[in-house]
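Visitor: Let's see this in three dimensions:
(one chain, ligands or ions: 2)
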Amino acid sequence: MDQNDSYIGEAPAFLVEDLQDGPLNGLELKNGTCKTTTTVGDKTYVTVGAGDGTLSIDVQIFDRSLGEWVHPTVLGTKPLSCKGHSAVLCKNRILVLKKGSKSDDQIWFLEVVAWSKGVIGNAEKPIVISGPSGVGKGTLISMLMKEFPSMFGFSVSHTTRAPRNMEKDGVHYHFTEKSVMEKEIKNGKFLEFASVHGNLYGTSVEAVEVVADAGKRCILDIDVQGAKSVRASSLEAIFIFVCPPSMEELEKRLRDRGTETEEQILKRLRNAKAEIEQGTSSNIFDFMLYNDKLEESYEKLKKLLGLDGFVAASPKSAAPREINLPVDHSVSKIDDKIIISSGLEKEPKNLIMLDVSSLKGGAPGRTRGLDFQVIGASLDLHC
Ligand SMILES: Nc1nc2c(ncn2[C@@H]2O[C@H](COP(=O)(O)OP(=O)(O)O)[C@@H](O)[C@H]2O)c(=O)[nH]1
Ligand SMILES: Nc1ncnc2c1ncn2[C@@H]1O[C@H](COP(=O)(O)OP(=O)(O)O)[C@@H](O)[C@H]1O
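Guide: Ligands and ions are numbered 1, 2, ... in the order given. Alright, predicted model coming up:
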């Protein structure tokens with residue numbers, strides 16, 4: 001087997017020799033340019049990349065107390081292939097710097113053991129909107145997205161229910177077979193999922209990441225069980241519960257929408273009572289929004305989100321700053337600062353100082369709150 005061809009669970013002899021020499025935090029192994037080791041307690045995490053840029057980064061764990069390799073289940077979306085990588089331990093997570101990758105794909109965190117992409121700066125909290133079927137969640141969200149298209153993005157859920165006439169796969173939902181979705185749930189694809197009105201619904205980690213990566217604030221339309229799961233997750237969000245003015249009005253809206261069978265309407269109305277009870281009595285939600293007169297409710301929603309008086313055409317907040325990571329580099333750590341220096345001896349030393357003191361969020365999702373400073377002139381910095 002080639003030295004770059006090791007798989008999780010298989011321990012090439014040279015690697016074991018390297019590992020038994022003692023902790024090698026963040027150093028690249030002498031025998032394998034694309035493997036890095038980081039020791040956390042008894043375990044040495046070996047991140048294995050490919051030198052030829054064709055394989056993605058894998059994780060192997062060597063349990064030093066047992067002298068054995070452990071087979072890890074690694075959650076989260078894996079980083080794509082790169083031309084090698086560096087690794088350094090910080091704040092109980094392993095910071096992985098990818099070489100030769102796009103500027104928005106260079107920094108990753110391996111959170112023992114789940115991947116989360118490192119993003120410079122802070123994004124606004126996602127918004128979770130819940131409420132009974134027919135109360136007007138979709139209508140209010142559409143109004144918001146229409147008025148502020150560059151500010152908000154919709155988290156496209158997966159569901160096993162059949163599409164309605166006007167619904168498009170990948171836009172309103174990812175319409176999925178039950179067996180496929182159950183398998184994906186087991187594989188850790190979902191941030192949350194629930195059985196609602198007899199069908200499975202779930203928010204994939206990717207659905208939220210895609211919106212955040214586009215620099216937009218994510219809106220999730222999910223039921224109360226889903227909101228409860230998100231509350232318990234690492235995703236920090238604002239939770240809004242939409243209430244109908246009365247059960248009669250809710251029934252009227254559901255019937256007038258004309259998208260459900262009589263059986264489905266009755267099921268949704270039965271479930272609405274429990275949802276309203278839970279939504280209004282639990283501590284899950286930060287705000288209650290009574291959707292009586294639509295225009296008034298929409299104005300209230302904008303106010304909750306600090307958008308009243310906001311001019312939609314005004315320029316977006318400053319674009320995120322990007323690091324231009326030198327392909328050849330070495331990494332060291334002083335307190336909460338990671339020092340990345342250009343590895344080329346002939347070139348003047350260029351330093352990037354990555355500040356990890358304000359890290360927020362994490363797997364599954366994105367680790368935010370990174371800041372950096374460039375010390376040295378010749379590194380390209382896109383601002
Ligand atoms: N937990 C969870 N609930 C979801 C998700 N997507 C949609 N829902 C909820 O499922 C319920 C039914 O949605 P849908 O079939 O589109 O019907 P509608 O609410 O009448 O438009 C609603 O309460 C949605 O908020 C999801 O990803 N997770
Ligand atoms: N404030 C309101 N007053 C009257 N009808 C409304 C109001 N809000 C929404 N509707 C209508 O009620 C129906 C259900 O709204 P919808 O947004 O699909 O609900 P949900 O997404 O919560 O299931 C739609 O036909 C919509 O046009």
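Visitor: Mind pulling the model confidence for the residue of the stretch 101-250 of the chain found nearest ligand 1?
Guide: Using Cβ to the nearest ligand atom, Gly226 is the residue of the stretch 101-250 of the chain that sits closest to ligand 1, at 2.4 Å. C-beta coordinates here come from the backbone N, C-alpha and C atoms, glycine included. If you check Gly226, the pLDDT there is 95.
Visitor: In what element of secondary structure is it found?
Guide: Using DSSP states H and E, Gly226 maps to helix 224-232.
Visitor: So what touches the helix or strand that comes right after that helix?
Guide: Of the helices and strands lying after helix 224-232 in sequence (DSSP H and E), the nearest is strand 238-243. With Cβ atoms under 8 Å, 6 or more residues apart in numbering as the test, strand 238-243 has contacts from 125-131, 135-137, 140, 224, 227, 230-231, 276, 279-280, 284-291, 297, 301, 304-305.
Visitor: Of those, which belong to strands?
Guide: Secondary structure defined by DSSP state E assigns 127-130, 287-290 of the contacts of strand 238-243 to strands.
Visitor: Buried residues in the helix or strand containing Glu295, which are they?
Guide: Using DSSP H and E, Glu295 maps to helix 294-304. Residues 297-298, 300-302 are the ones in helix 294-304 that count as buried (16 or more other Cβ atoms under 10 Å).
Visitor: Report the buried residues of the next helix-or-strand element following it.
Guide: Next helix or strand after helix 294-304 toward the C-terminus (DSSP H and E): strand 329-334. If you call a residue buried by 16+ other Cβ under 10 Å, then strand 329-334 has these buried ones: 329, 331, 333.
Visitor: and the closest residue to Arg161 other than its chain neighbours, what is it in contact with?
Guide: Leaving aside its sequence neighbours, Arg161 sits nearest to Asn199 (Cβ to Cβ, 6 or more residues apart in numbering; 4.0 Å). Going by Cβ under 8 Å, 6+ apart, Asn199 touches 159-161.
Visitor: Redo those residues as CSV? Include distance to ligand 2.
Guide: Converted to CSV, the contacts of Asn199 look like this (distance: Cβ to the nearest ligand atom, whole Å):
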residue, distance to ligand 2
Thr159, 13
Thr160, 17
Arg161, 12
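Visitor: From those residues, list the ones also adjacent to ligand 1.
Guide: Contacts with ligand 1 within those, as defined by Cβ under 6 Å from any ligand atom: Arg161.
Visitor: so can I have TSV of the contacts of Asn199 showing neighbour count and pLDDT?
Guide: Putting the contacts of Asn199 into TSV (neighbours: other Cβ atoms under 10 Å; pLDDT from 0 to 100) gives the following:
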residue	neighbour count	pLDDT
Thr159	20	98
Thr160	19	98
Arg161	16	96
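Visitor: which ones among the contacts of Asn199 are found in strands?
Guide: Per DSSP E, the contacts of Asn199 map to strands at Thr159.
Visitor: and of the contacts of Asn199, the nearest to Ser101?
Guide: Distance to Ser101, by Cβ to Cβ, is smallest for Thr159 among the contacts of Asn199, at 33.6 Å.
Visitor: Surely the closest one and His172 touch.
Guide: No - using Cβ atoms under 8 Å, Thr159 makes no contact with His172, being 9.1 Å away.
Visitor: who's in contact with Phe190?
Guide: Phe190 makes contacts with 158, 184, 202-205, as judged by Cβ under 8 Å, 6+ apart.
Visitor: What about those, which one has the most neighbours?
Guide: Thr203 (28 neighbours; other Cβ atoms under 10 Å).
Visitor: so how far is Thr37 from Val224?
Guide: For Val224, the distance to Thr37 (Cβ to Cβ, to the nearest Å) stands at 45 Å.
Visitor: Does ligand 2 have contacts with whichever strand or helix holds Asn271?
Guide: For Asn271, the host element (DSSP H and E) is helix 262-281. No - using Cβ under 6 Å from any ligand atom, helix 262-281 stays clear of ligand 2, with a minimum separation of 8.4 Å.
Visitor: give me every residue that touches the residue of the stretch 101-250 of the chain closest to ligand 1.
Guide: 128, 130, 192-194, 201-203, 220.
Visitor: The longest strand along the chain: which residues count as buried?
Guide: Secondary structure of the chain per DSSP E: the longest strand is strand 366-375. If you call a residue buried by 16+ other Cβ under 10 Å, then strand 366-375 has these buried ones: 366-370, 372, 374.
Visitor: who in this structure is up against ligand 2?
Guide: 131, 133-139, 253, 256-257, 291, 294, 297.
Visitor: and the contacts of Phe190 near ligand 1, which?
Guide: Near ligand 1, by the rule Cβ under 6 Å from any ligand atom, you find 202-203 out of the contacts of Phe190.
Visitor: From the contacts of Phe190, which land in helices?
Guide: 184, 205 (DSSP state H).
Visitor: how about the contacts of Phe190 in a markdown table, adding pLDDT?
Guide: Below are these laid out as a markdown table (pLDDT from 0 to 100):
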| residue | pLDDT |
| --- | --- |
| His158 | 98 |
| Glu184 | 92 |
| Gly202 | 97 |
| Thr203 | 95 |
| Ser204 | 93 |
| Val205 | 87 |
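Visitor: mind checking pLDDT for Phe152?
Guide: For Phe152, the model assigns a pLDDT of 94.
Visitor: I'd say it and Lys146 touch.
Guide: No - with contact defined as Cβ under 8 Å, Phe152 does not reach Lys146; the gap is 9.7 Å.
Visitor: Looking at those two, which is more packed in?
Guide: Taking neighbours as other Cβ under 10 Å, Phe152 and Lys146 compare with Phe152 leading, 21 against 10.
Visitor: Quick check: the more buried one vs ligand 2, distance?
Guide: Using Cβ to the nearest ligand atom, to the nearest Å, Phe152 is found at 16 Å from ligand 2.
Visitor: With Glu248 instead?
Guide: 12 Å.
Visitor: Repeat that for Leu97.
Guide: Distance check for Leu97 against ligand 2: by Cβ to the nearest ligand atom, it reads 43 Å.
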